[in-house]
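*Asks:* Okay, structure incoming, though there's no sequence with it:
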Ligand code: ADP
Ligand code: MG
């Protein structure tokens, strides 16, 4: 009975998120559609430019929302896989490298052959979580810096540290992390951390954070390891 309860809760969580993403994406799409429609009116070239700019901006926003949710929005059937943590970190780094290059950020990730850890979960969701946290780290360092990723293992618990040299957070910001739509960014969605927390919770793990305003932030993903 307990097992089933947990499953129902998870399904509810997923369908809630799926509903909220469609809602969130629909808004900018509607605005964009309205402005594109108005392009057909008899308007000045300047107004035409302005409308086109708004339409594009709103489409970009829709893309951002989808990016933050990406795989998570799919109400996937519970599909537990054995995940090779190194491979997923490497994959997430590959996905995020263009953004890092754009922001002049150097990503450091070193591991030895001994560092082969396996956890249980849905691979794509885990990737989404890594990407969201890496992306935040890079975005906190607009004009260069290092993003350092490290793993440590003790007593069947794996800790993945993702550390940046960015803006850091105030206590208030730390307290609000994971709250839906909390964002300090002009074009932020405020959904990335909420999604990440849900994913790691679903893997029986947790995320902790230490941050110093003006200095940088370290997110630690803590997961039980498969033997
Ligand atoms: P978004 O990135 O769209 O703003 P997130 O949920 O990913 O939404 O993050 C919420 C907020 O948490 C960010 O707007 C930022 O204020 C703060 N934050 C998250 N990660 C970091 C980080 N590495 N450094 C500084 N601030 C961060
Ligand atoms: Mg984010």
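*Replies:* The structure has been received and is ready for your questions. Every value quoted in this text rests on a predicted model; they were computed, and no experiment measured them. Numbering: from 1, shown residues only. Ligands and ions are numbered 1, 2, ... in the order given.
*Asks:* Show me what from the chain comes close to ligand 1.
*Replies:* Contact residues, the chain versus ligand 1 (Cβ under 6 Å from any ligand atom): 132, 136-137, 140, 164, 166-169, 173, 177, 182-185, 188-194, 217. C-beta coordinates here come from the backbone N, C-alpha and C atoms, glycine included.
*Asks:* one more time with 8 Å, if that's ok
*Replies:* 64, 68, 132-133, 135-137, 139-140, 162, 164, 166-169, 173, 176-178, 182-185, 187-196, 209, 211, 216-217, 219 (Cβ under 8 Å from any ligand atom).
*Asks:* Narrow these to those that are buried.
*Replies:* Among the residues of the chain next to ligand 1, those buried by neighbour count (16 or more other Cβ atoms under 10 Å) are 64, 68, 132-133, 135-137, 139-140, 162, 164, 166-169, 173, 177-178, 182, 188-196, 209, 211, 216-217, 219.
*Asks:* all strands of the chain, in order?
*Replies:* For the chain, applying DSSP state E gives strands covering 81-84, 105-109, 118-121, 145-154, 157-164, 206-212, 216-224.
*Asks:* The ones you listed: which one's closest to ligand 2?
*Replies:* strand 216-224 (11.4 Å; Cβ to the ion).
*Asks:* tell me what that closest one is packed against?
*Replies:* With contacts defined as 3 or more Cβ pairs under 8 Å, 6 or more residues apart in numbering; DSSP states H and E, strand 216-224 has these neighbours: helix 123-139, strand 157-164, helix 192-202, strand 206-212.
*Asks:* Put together JSON lines for these, with mean pLDDT on each row.
*Replies:* As requested, those are exported to JSON lines (pLDDT from 0 to 100):
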{"stretch": "helix 123-139", "mean pLDDT": "93"}
{"stretch": "strand 157-164", "mean pLDDT": "97"}
{"stretch": "helix 192-202", "mean pLDDT": "90"}
{"stretch": "strand 206-212", "mean pLDDT": "96"}
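*Asks:* And residue 108, what's its pLDDT?
*Replies:* For residue 108, the pLDDT comes out at 97.
*Asks:* Make 55 the starting number, not 1.
*Replies:* OK, 55 is where the count begins now, so the last one is residue 162.
*Asks:* That one and residue 191 touch, don't they?
*Replies:* No. Residue 162 is not in contact with residue 191 according to Cβ atoms under 8 Å; the separation is 11.5 Å.
*Asks:* Overlap of the contact sets of the two?
*Replies:* Residues touching both residue 162 and residue 191 (Cβ atoms under 8 Å, 6 or more residues apart in numbering) are residue 201.
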